[in-house]
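Student: Predicted model and sequence below, questions to follow.
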Amino acid sequence: MRVRVLLLNRDYPGGQTTHVDALAAALASRGLEVALAVWLRPGAPLWRDAHWAAIEGGVPIETFDSLRRLDALASRLRPDVVHAHSQATWAAARELAARRRIPLILTVHRIGLDVHRFRDSLAAANALIVPDERKANAIASFPRWRMSVIPNCVDSRQFVPLEKSAPPTIAYVGRVDHTRSLGFEAFIEATRDIPSRVKVVGRVPRALQKPGDHVEYLGWRADPRSLLGRIDVVTAVGRSLLEGMSAGCVGIALGERYHGIVAPGAARRASDAGDFYYGALPSVACGPHMVRALRAALMRLLASSIRLRTLQQASRDFIVEKLDVAAMARQTAEVYAATLRGSHARRLSVTTPAIVRGTRRSTSAVIGEIEAHRELVDCNLSTPARWRGPLRREFRGPCSPADVDRYRSAFDFLVSMASRRVPIDAELVLEIHERAVGGARYRSSAIRVGSQRSFPNWRQVPELMNEVLGLREAADFTLADVARLHVELVMIHPFPDGNGRVARLLSSYILMRLGFRSTLFTAVEQHYRRQPARYASMLRQRHNEGIDRSHLVRYLLEQMAENSRHTAWFRARSLRLRRACIDTGMPPGQWEQSLIEYDFTLRPTPLSHRVGENEHRWPALRATLSEADSARLGWQLNRLRAEEEEEEQ
């Protein structure tokens, strides 16, 4: 049976429209029954010229300006899947999927969509498609295992090299808005007096255009295929960059920042690793440095026609091999098929049940998971373990050795204090600050962190701290209370510096007092090691009242659960296998050898006869794990084993 797909998008003459239309045409060529529904404001005309890819691909284009109109279209088209792209269509797609009881798939085209306005749509989605890892990491409220990273691709059969003439043509392609104006001005300066033809393709504010200059302004082109095919060097970002490379241009990534020439070899390696994104390349900010760097790159290209032609062919080959729309359509069709048969959940629940994250779980559900992990992870430890891991800031860049030493010393001090009944009061907080940062006193002036200014007046800090702490005993805290105290301390910002470190260390101490022993739980500093910037972003959103406190508390607890999830999953499996050894009547001295034979030999063993198909052997099981999950499992197990060995000594 042919799968019927309804693609939703906003009518806008830009790269996202070309992306969706090219995808629609490629899906149709694979045998899917595809229709494209475009949202228009009431009374607005359709930009038909911008939809050339869908029209040439034989994809019918419908328009809607209300949910009623969209529902009428669905009644006629009877889609099996609704796939929404523009966030302006997400709410309508959500309602339509609920009414029709069909799967909802969303594509996230930009960062900044994991906000309250779109949370209901994200929560309702059966699957999420993101073009690169950077955007995947920016969606914290959606389970990662239901995301598919499918790169932005172009149709290499449509964007092809055409005859190129001398002198070489250098073109800036794309719209120029406030975020790209400095990069555009750098392009104009860098190309001045260069022996080539210089063109600009796209909308440029009149204030930035200089009549009589060395630049030819061509304006926006709905269909840039023939133009790109005759250009030698394309300077752009996003889809325009990839279209130019497909058309045989050397690509230079220039938008808000300058990222240099997209070397096909490096791009191919990044694509093989699953994350081709030019923003990951080294960059130069605006100003004279950008002008000099861009001009030097252009002069190197123009100095050798052989080098220029070689890079042009390599750029074309890279797009054909790695970023052709046929691959994007194939992967998208696989997401449709998996969603329709519900195989996301079934496939993963068989092999890695404890690694799968739920969607929008309650705080109590997350706490229940942490307590379950605790029984498996802490079982061989009798006292809190010491910690020698890096600071959160070290995952973003180098950190002062003195800061690291002071923090570790403070953590060791708290480990030694874990058996004492010390009140959670201002005196303890000041002691932690003195050991971790230096200076056991509250701030005596206003404070600013980045763009955040609205922290409490410094005269209110002692009273606020006493109110938050309340001379409580550690035993009175729940896990949710620990996370709330963490949030409140950071919101008060009682110290000139080191507020986050103190909040995390105080949380670590309370967790030790609550009986947690492995640093997979107690080292709160490492809970955010995977996404250090996300932690800071969530705190900023709370400070600006972009999210409520309960959402942030749940996030902190989920990171704690994530930090022990993989080890708990592995330990649970080991425990089940050891119980199977007992059930077979096997003496304890033979358990280890039997486990090794079961996991690393293909022949039947006494244990395999006992467990049957309920447990997968380790090589097959490990193959189901992503590279990131394998890495997290490795470092968590190594950390726990080191702690257990240290306690035995």
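Tutor: Arrived safely, thanks for sending. Residues are numbered from 1 along each chain as shown.
Student: which sections of the stretch 201-350 of the chain are below the confidence cut-off?
Tutor: 211-212, 265-287, 342-350 (pLDDT under 70).
Student: in it, which spans are helices?
Tutor: With helices called from DSSP state H, counting those that start in this stretch, the stretch 201-350 of the chain shows them at 225-229, 238-246, 264-272, 288-303, 305-322, 325-340, 343-351.
Student: mind putting those helices in CSV, mean neighbour count and distance to R374 included?
Tutor: (Each C-beta comes from the backbone N, C-alpha and C, glycine too.) Below are the helices of the stretch 201-350 of the chain laid out as CSV (neighbours: other Cβ atoms under 10 Å; distance: least, Cβ to Cβ, whole Å):
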stretch, mean neighbour count, distance to R374
helix 225-229, 18, 58
helix 238-246, 27, 46
helix 264-272, 16, 39
helix 288-303, 16, 52
helix 305-322, 17, 44
helix 325-340, 18, 34
helix 343-351, 13, 23
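Student: which one of the ones you listed lies closest to S66?
Tutor: helix 325-340 (26.2 Å; Cβ to Cβ).
Student: Now the longest helix belonging to the chain: average pLDDT?
Tutor: Criterion DSSP state H: the longest helix present in the chain is helix 549-583. In this model, helix 549-583 has a mean pLDDT of 81.
Student: which residue is nearest the middle of this structure?
Tutor: N137 (1.4 Å; Cα atoms, centre = their mean).
Student: Walk me through the domains of this structure.
Tutor: With domains defined by automatic domain parsing, the chain comprises 4-149, 169-323, 363-564, 567-648.
Student: among the ones you listed, which is nearest A338?
Tutor: So among the domains of the chain, domain 4-149 is nearest, using Cβ to Cβ, at 7.5 Å.
Student: Show me how far the closest one is from its chain's centre.
Tutor: Here the centre of domain 4-149 is set off from its chain's centre by 20 Å, with Cα atoms, centre = their mean, to the nearest Å.
Student: Any stretches of the stretch 451-600 of the chain with poor pLDDT?
Tutor: Ranges of the stretch 451-600 of the chain meeting pLDDT under 70: 451-453, 470-475, 545-547, 579, 582-583, 588-589, 591-592, 598-600.
Student: all helices in it, in order from the N-terminus.
Tutor: 461-469, 479-492, 499-513, 519-522, 532-543, 549-583, 591-600.
Student: ok, now which ones touch A136?
Tutor: Contacts for A136 (Cβ atoms under 8 Å, 6 or more residues apart in numbering) come out as V130, R144, M147, V149.
Student: Could you rerun that using 6 Å?
Tutor: For A136, the contact set (Cβ atoms under 6 Å, 6 or more residues apart in numbering) comprises V130, M147, V149.
Student: so how far is I111 from the first one?
Tutor: Okay, so that is V130. Distance, V130 to I111, using Cβ to Cβ, to the nearest Å: 10 Å.
Student: Just give the number of residues close to the residue nearest to the residue nearest to the centre of the chain when sequence neighbours are not counted.
Tutor: Nearest non-adjacent residue to N137, counting by Cβ to Cβ, 6 or more residues apart in numbering: Q531, 5.8 Å away. By the measure other Cβ atoms under 10 Å, the count of residues near Q531 is 16.
Student: Tell me which other helices or strands the helix or strand encompassing S364 touches.
Tutor: Element membership for S364, per DSSP states H and E: helix 363-377. Here helix 363-377 touches helix 549-583, going by 3 or more Cβ pairs under 6 Å, 6 or more residues apart in numbering; DSSP states H and E.
Student: Report the angle between the helix or strand encompassing E431 and helix 461-469.
Tutor: Element membership of E431 [criterion: DSSP H and E] is helix 426-436. Taking axes from the mean of the first three to the mean of the last three Cα atoms, to 10 degrees, one finds helix 426-436 and helix 461-469 inclined to each other by 110 degrees.
Student: just to revisit the earlier point, so V130 and I111 - more neighbours on which side?
Tutor: V130 (22 against 12).
Student: Tell me which entries of the contacts of A136 lie within strands.
Tutor: Residues of the contacts of A136 located in strands (DSSP state E): V130, M147, V149.
Student: show me the contacts for the second one.
Tutor: The neighbourhood of M147, defined by Cβ under 6 Å, 6+ apart, consists of L128, V130, A136.
Student: which of these lies closest to G500?
Tutor: Among the contacts of M147, A136 lies closest to G500 (Cβ to Cβ), at 24.9 Å.
Student: Next one: the closest one from E644, what distance?
Tutor: Taking Cβ to Cβ, one finds A136 at 34 Å from E644.
Student: And for P264?
Tutor: Applying Cβ to Cβ to P264 and E644 gives a distance of 48 Å.
Student: What of V377?
Tutor: 10 Å.
Student: How about T107: which residues does it bridge to?
Tutor: Beta-bridge partners recorded for T107 (DSSP bridges): I129.
Student: ok, it to W90 distance?
Tutor: Going from T107 to W90 by Cβ to Cβ gives 10 Å.
Student: Could you do L40 as well?
Tutor: Distance of L40 to W90, given as Cβ to Cβ: 16 Å.
Student: Quick check on these two: which one has the bigger neighbour count.
Tutor: Higher neighbour count among L40 and W90: W90, with 24 against 15, using other Cβ under 10 Å.
Student: For that one, give me its contacts.
Tutor: So W90 contacts A84, S121 (Cβ under 6 Å, 6+ apart).
Student: So it lies in a strand, does it not?
Tutor: No: counting by DSSP: H, G, I helix; E, B strand; the rest coil, W90 is not part of a strand but helix.
Student: can I get the domains of the chain in a markdown table with distance to A333?
Tutor: Shown next, in a markdown table, are the domains of the chain (distance: least, Cβ to Cβ, whole Å):
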| stretch | distance to A333 |
| --- | --- |
| domain 4-149 | 6 |
| domain 169-323 | 17 |
| domain 363-564 | 30 |
| domain 567-648 | 21 |
